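> A structural model of the following input is requested.
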Amino acid sequence: MSEHNIRTINMYNSGGACEYIKRSEIDPETEKWEKLFKYIEDSLFNDKTKKIIEFGSGCGELAFLLQSAGYDVIATDIVDEFLKEQNRIGINKVKKYNFLLDNFDENFNFKADLIISWRNPHLDMDDMRKLFDVAYNGLTDNGLLIINFQNADVHPDASVLPNGTKYEYKVLEDKPTKEKRFYAYFNKEDIEYLRKDLFEIEEYHNEGGKEQKNWHVLTLRKKQILK
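Next up, the predicted model:
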């Protein structure tokens, strides 16, 4: 796990998560979460038998919507305050789990039909590759990964780490927590590198910001290994 991701986790553990939760209560972004829920439901063809795991559930908005609609979903995070919030709002299955460090099979006794990684912008290229490997191994044959990345094309002045990650440390004035956080940016070539040999692109689009280009959004299907 990169030092940049560790700094972000430490920020959330030292009060940032409480600020984030408080801000989310003031501005719950209901429309955005409902839009994502609909996107996921369409991707699953409303099949309530599918087993879902969300990596980094934060305040749990998405997991709660999925659970309320009858889906079998596990919300995960590594920040205790977020886990408490997930329990508080009534999510039935909450688990402390670090997908970068913890063994998937030791934490889950099944393979998921869908893994979701939404708004995890603090992962550099190496951490993101680890996420892809874990998701691939944690999915059923033909399983789906729904994920979004901040778009590097919207941040042409970003710095570059030795491993190729485009990034900035910045404060988002309109968002919770006023400390600088690490934000990683990815272009289409980066995504091709990450998914290579692991996933096929089922659906791709951009969304967010005035020009609707701030985020890459992808539904990826696990590739079948020919024997």
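
> in contact with Ala152, which residues are there?
Ala152 makes contacts with 158, 166, 185-187, 190, as judged by C-beta atoms under 8 Å, 6 or more residues apart in numbering. In this view, the C-beta of every residue, glycine as well, is placed from N, C-alpha and C.

> most neighbours out of these, which is it?
Ranked by the number of neighbours (other C-beta atoms under 10 Å), the contacts of Ala152 place Phe186 first, at 25 neighbours.

> and the strand or helix carrying Ile191, what's buried?
Under the criterion of DSSP states H and E, Ile191 resides in helix 188-195. If you call a residue buried by 16 or more other C-beta atoms under 10 Å, then helix 188-195 has these buried ones: 190-191, 194-195.

> what's the answer for stretch 124-131, then?
Within stretch 124-131, the residues that count as buried by 16+ other C-beta under 10 Å are 124-128, 130-131.

> again with stretch 91-108
Result for stretch 91-108 [16+ other C-beta under 10 Å]: buried residues 91, 94, 97, 99-100, 104, 107-108.

> and if you look at stretch 31-43?
33, 36-37, 39-41, 43.

> how far off centre is it?
Put simply, stretch 31-43 sits 14 Å off its chain's centre (C-alpha atoms, centre = their mean, to the nearest Å).

> distance of Thr140 relative to Thr76?
Using C-beta to C-beta, to the nearest Å, Thr140 is found at 18 Å from Thr76.

> compare these two (neighbour count), which wins?
More crowded of Thr140 and Thr76, by other C-beta under 10 Å: Thr76, with 23 against 14.

> now stretch 197-211: mean pLDDT?
Per-residue pLDDT over stretch 197-211 has a mean of 95.

> what residues sit buried inside that stretch?
198-199, 206-208.

> now do the end-to-end distance for stretch 207-218.
11 Å (C-alpha to C-alpha, to the nearest Å).

> show me the contact partners of that stretch.
For stretch 207-218, the surrounding residues in contact (C-beta under 8 Å, 6+ apart) are 39, 145-151, 153-154, 186, 188, 191, 201-206.

> which of the residues you listed fall within strands?
If you go by DSSP state E, the contacts of stretch 207-218 have 145-151, 186, 201-206 in strands.
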